[in-house]
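Enquirer: what follows is a predicted structure for the sequence shown.
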Amino acid sequence: MDRQERVAAFVDEQGWKTDLAYRVLDLQSEVGEIADEVTTTTDYGASPAEARVAVDEVGHALFALLAVAESAGVDADEALDTAIAKYERRIAETGDGGSGE
């Protein structure tokens, strides 16, 4: 069972099914918690080398993202493969893959 299927099964077992809009809001909240942790551990960016992120917070965000993918009918592995291929093309064309869209 892959990770997306595992999240989908857990959501189903717990009766946590909900619509895509709620899933996206949950993802935003979880990523916000990561940002809050980095903000705090770096003293609002004054000490970037001190940035820390707890494993469980990354796990919460990953769970939320996989739940979004499942709700949207997107295969997370396929989406990741597509993104990596896009970065590889960009690097080949420009020498810079960039970190964003």
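Expert: Arrived safely, thanks for sending.

Enquirer: what residue ranges in this protein are flagged as low confidence?
Expert: Scanning the chain with the threshold set as pLDDT under 70 gives 97-101.

Enquirer: state which helix of the chain is the longest.
Expert: In the chain, ranked by residue count with DSSP state H as the criterion, the top helix is helix 20-41.

Enquirer: now that one, how far from the chain's geometric center?
Expert: 9 Å (CA atoms, centre = their mean, to the nearest Å).

Enquirer: can I get the following helix or strand past it as CSV, trimmed to CA atoms?
Expert: Next helix or strand after helix 20-41 toward the C-terminus (DSSP states H and E): helix 55-72. Output in CSV follows, covering the C-alpha atoms of helix 55-72 (Å, rounded to 0.1, in the frame of the first residue of the first chain):
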residue,chain,number,x,y,z
VAL,A,55,9.1,15.6,12.5
ASP,A,56,5.4,15.4,13.6
GLU,A,57,4.7,18.7,12.0
VAL,A,58,6.1,17.6,8.7
GLY,A,59,4.1,14.4,9.0
HIS,A,60,0.9,16.4,9.6
ALA,A,61,1.6,18.5,6.5
LEU,A,62,2.4,15.4,4.4
PHE,A,63,-0.8,13.7,5.6
ALA,A,64,-2.8,16.8,4.8
LEU,A,65,-1.2,17.0,1.3
LEU,A,66,-1.9,13.4,0.5
ALA,A,67,-5.5,13.8,1.7
VAL,A,68,-5.8,16.8,-0.7
ALA,A,69,-4.4,14.7,-3.5
GLU,A,70,-6.9,11.9,-2.7
SER,A,71,-9.8,14.3,-2.5
ALA,A,72,-8.8,15.9,-5.8
